[in-house]
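Novice: Below is the structure, and that's it, no one-letter string:
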């Protein structure tokens, strides 16, 4: 009985992780950060950063914390933090018809943020 309870608890925790990555109305696809030569990839249950040559830089899927999707007067914003990269990330899909996203990276070690417009690829 203890094994069944433990397995059920693990299964519920796994479901919680998957649902935490639910992007809802946030668009999926790939966006190019031309300043940094990075490609942000939003999948149904994953967020990854690749280089422009296709190699994986970082997979945030299992290391995200504080994942939040929220509407605002500026548009739909997806935010999360990652202890391993020591940064908080924000992606805003403006209300405009553009497919671009506004990326803000907030490093924990400095007050200077990285802000750029990233272009939709596919």
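Specialist: Right, received. Where do you want to start? This is a predicted model, so every value here is computed, not measured. Numbering: from 1, shown residues only.
Novice: can you pull out the strands in the protein?
Specialist: For the chain, applying DSSP state E gives strands covering 29-33, 38-42, 47-51, 56-59, 64-72, 75-82, 87-94, 101-107, 114-120.
Novice: Of all the residues in the first one, which ones are buried?
Specialist: Using 16 or more other C-beta atoms under 10 Å as the burial criterion, the residues of strand 29-33 that qualify are 30, 31, 32, 33. From N, CA and C alone the C-beta is placed, and that goes for glycine too.
Novice: In this structure the first one contacts residue 46, no?
Specialist: No: with contact taken as C-beta atoms under 8 Å, residue 30 and residue 46 are classed as non-touching, separated by 12.0 Å.
Novice: now what about stretch 98-109, what contacts it?
Specialist: Under the contact criterion C-beta atoms under 8 Å, 6 or more residues apart in numbering, stretch 98-109 has outside partners 27, 31, 33, 40, 86-94, 113-120.
Novice: returning to that earlier point: out of the buried residues of strand 29-33, which one sits closest to residue 58?
Specialist: residue 33 (12.8 Å; C-beta to C-beta).
Novice: Next, the contact list for the residue most central in space within the chain, please.
Specialist: Relative to the mean C-alpha position of the chain, the nearest C-alpha, by C-alpha atoms, centre = their mean, is the one of residue 47, at 4.8 Å. Going by C-beta under 8 Å, 6+ apart, residue 47 touches 21, 40, 41, 59, 60, 61, 64, 80.
Novice: Disregarding residues adjacent in the polypeptide, which is nearest to the fourth one?
Specialist: Looking back up the chat, that one is residue 59. Residue nearest to residue 59 in three dimensions, not counting chain neighbours: residue 48, with 4.9 Å by C-beta to C-beta, 6 or more residues apart in numbering.
Novice: ditto for the fifth one
Specialist: Setting aside the residues directly before and after it, residue 60 is nearest to residue 47 in space (C-beta to C-beta, 6+ apart), at 4.5 Å.
Novice: Pull up the gap between the one you found and residue 97, please.
Specialist: Note on residue 47: its distance to residue 97, by C-beta to C-beta, to the nearest Å, is 24 Å.
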